[in-house]
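S.K.: Generate a structure from the sequence data that follows.
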Amino acid sequence: MSKGLILLTAITAITLTSKAQVKISIQVHQPIGSMAKLSRYEGKTQVEIDSCKPNANGIYTFNIPETSPKGIYKVNIGKGSSFDLLVANDSLIRFETYSFAIEDSLKVIQSNDNEIFINFRRLRQNAEQRMWLIESLRKYYPEPSMFSQMLDNELQRIAFNLYLQGNNLASKASSTLVSSAIRLELTPQVVAQGDECSMKKELSDAWWQGIDLTNPDIRFLPKLTPRLWDYLENLLCEGSYTKEQQDSVLSEYIQKLFSLPMHTDVKVFILNSLCNGFAESDYYLVISNLKELSENSICPVFNEPELKAKLILEAELMPGKKAFDFTFKPVGQKISFKLSNSTSKYTLVVFWSVWCPHCTESIPQIYNTYKQYQGKGFDVVAICIDDEEDAFRDFIVQNGLNWKNIRIPYDSKSKVILKYNVDETPKMFLVDRKLNIVSRPSTPEHIRVFLEKSL
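M.R.: Residues are numbered from 1 along each chain as shown. Predicted coordinates:
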């Protein structure tokens with residue numbers, strides 16, 4: 001046989017192997033003849049792949065089509081009995097179990113990948129049960145009691161051991177898909193000094209260690225998307241960062257993520273998840289960076305006309321831009337007031353509505369901050385956009401809002417509404433004496449942190 005023919009035969013064999021069906025066999029002792037279903041995780045949902053009843057020997061057999069991707073699958077047998085398995089390199093996966101305890105008695109007969117994966121799942125479940133018991137005790141022992149500290153130490157010990165043991169199992173896997181599937185479910189354990197925000201950055205720096213983003217099949221693992229968003233949420237450092245600091249840190253770590261070795265398909269998957277998640281947010285620096293990363297229109301959401309129009313309008317309302325000046329007469333006062341005549345170092349312009357639950361929760365919190373910083377150079381112009389004057393006045397009285405209250409019923413032709421692009425509530429702008437926009441807070445905490453740092 002010629003070398004060329006040998007090479008062609010080898011390539012054909014590899015191609016056939018990579019596209020071969022995967023067969024899953026489950027021997028159930030003491031079967032009751034229940035229907036079983038095999039599903040594939042697709043984001044938060046599950047897509048049924050195959051179903052069957054057991055044969056006379058209690059064996060369920062599933063076939064995964066050639067076109068189905070690798071990843072984590074779920075088997076449901078009867079009502080309420082299920083377990084997850086991992087499809088990576090095996091063409092035949094065999095299990096054995098008992099009908100009265102499908103998951104607890106599950107034994108892997110053939111598949112080293114699943115031996116490792118299921119052992120990890122049991123390890124994690126055991127750790128989570130112990131953590132739950134400790135958490136249930138913590139409420140009876142308030143900080144900073146000695147016993148409370150002992151419970152905290154035990155929680156950290158369990159988490160650290162889970163991380164070490166889980167990583168040890170992951171290192172034994174022959175497939176990076178298996179090791180990545182395990183590490184996607186582990187929280188890195190880092191030893192860091194400094195403030196809480198610095199420690200969270202250290203954690204995020206270790207977030208993707210051991211996870212193979214160059215493997216295109218990783219995008220089919222259901223834990224990839226939650227881990228992506230946990231990675232970013234961890235960086236928000238609520239209560240310590242202003243809105244602009246959050247925006248900057250998120251942008252920095254998104255850039256760090258995409259600087260890692262990554263398969264093109266994985267990049268497209270992650271980028272689309274981020275684009276869709278941030279498109280309607282007010283993290284505009286993040287959006288700008290995602291648009292740059294989304295070359296060749298990887299993210300269709302940025303081509304939507306409404307979003308394009310919104311981003312054009314918001315570009316004129318960013319920190320560093322001038323706020324629109326306007327004159328108004330506060331409720332209960334006879335003299336009109338011009339925004340540019342404010343003598344306060346910083347003025348918050350907040351648009352709100354009585355019918356907005358987030359507003360009615362936030363406004364009293366903002367008022368508490370106002371009372372704290374009122375004498376230090378902070379003022380508030382609260383603009384209600386409701387038509388109903390009675391509801392507006394009742395809310396002011398009930399909450400004792402003794403600041404500059406005005407009502408501008410929402411009208412798409414209103415100059416104030418247009419100039420501040422009031423497309424949602426609450427919408428807030430912090431401006432200085434010269435009407436420079438200095439911050440675009442989204443929460444009462446953002447306001448408090450900015451004033452704490454600036455006054």
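S.K.: what secondary structure does Tyr370 sit in?
M.R.: Secondary structure assignment for Tyr370 (DSSP: H, G, I helix; E, B strand; the rest coil): helix.
S.K.: Does it touch Lys404 like I think?
M.R.: No - applying C-beta atoms under 8 Å, one finds Tyr370 not in contact with Lys404, separated by 10.2 Å. The way it works is simple: take the backbone N, C-alpha and C, and place the C-beta from them, glycine included.
S.K.: what's the overlap in contacts for the two?
M.R.: Between them, Tyr370 and Lys404 share these contacting residues under C-beta atoms under 8 Å, 6 or more residues apart in numbering: 379-380.
S.K.: Skipping its backbone neighbours, what lies nearest the residue nearest to the spatial centre of the chain in space?
M.R.: Note on the chain: the residue nearest the mean C-alpha position is Trp229, at 2.6 Å, using C-alpha atoms, centre = their mean. Spatial nearest neighbour of Trp229, excluding adjacent residues (C-beta to C-beta, 6 or more residues apart in numbering): Gly277 at 7.0 Å.
S.K.: any idea of the pLDDT on that neighbour?
M.R.: pLDDT, Gly277: 97.
S.K.: Then it would be within a helix, right?
M.R.: Yes - assigned with three-state DSSP, Gly277 falls within a helix.
S.K.: measure it to Ile270 for me?
M.R.: Separation of Gly277 from Ile270 (C-beta to C-beta, to the nearest Å): 11 Å.
S.K.: who has more neighbours, those two?
M.R.: More crowded of Gly277 and Ile270, by other C-beta atoms under 10 Å: Ile270, with 21 against 17.
S.K.: Can you verify my assumption that the residue nearest to the centre of the chain contacts Phe278?
M.R.: No - with contacts counted by C-beta under 8 Å, Trp229 stays clear of Phe278, the gap being 10.6 Å.
S.K.: before we move on, back to that, could you look up the SS state of the residue nearest to the centre of the chain?
M.R.: Quick answer, by three-state DSSP: Trp229 is helix.
S.K.: How about the one 10 residues further on?
M.R.: The three-state label for Gly239, taken from three-state DSSP, comes out as coil.
S.K.: Name the nearest residue to it, ignoring sequence neighbours.
M.R.: Glu445 (5.6 Å).
S.K.: which intervals of the stretch 301-450 of the chain have sub-threshold pLDDT?
M.R.: Applying pLDDT under 70 to the stretch 301-450 of the chain flags no residue at all.
S.K.: Can you show me the strands along it?
M.R.: Taking DSSP state E, counting those that start in this stretch as the test, the strands found in the stretch 301-450 of the chain are 327-328, 337-338, 346-352, 378-384, 404-407, 427-432, 437-439.
S.K.: And for the stretch 1-150 of the chain?
M.R.: With DSSP E, counting those that start in this stretch as the criterion, the stretch 1-150 of the chain has strands at 22-29, 36-42, 45-52, 59-64, 71-77, 82-87, 92-98, 107-110.
S.K.: Can you check which of the ones you listed gets nearest to Gln125?
M.R.: In terms of C-beta to C-beta, the element of the strands of the stretch 1-150 of the chain nearest to Gln125 is strand 82-87, at 11.3 Å.
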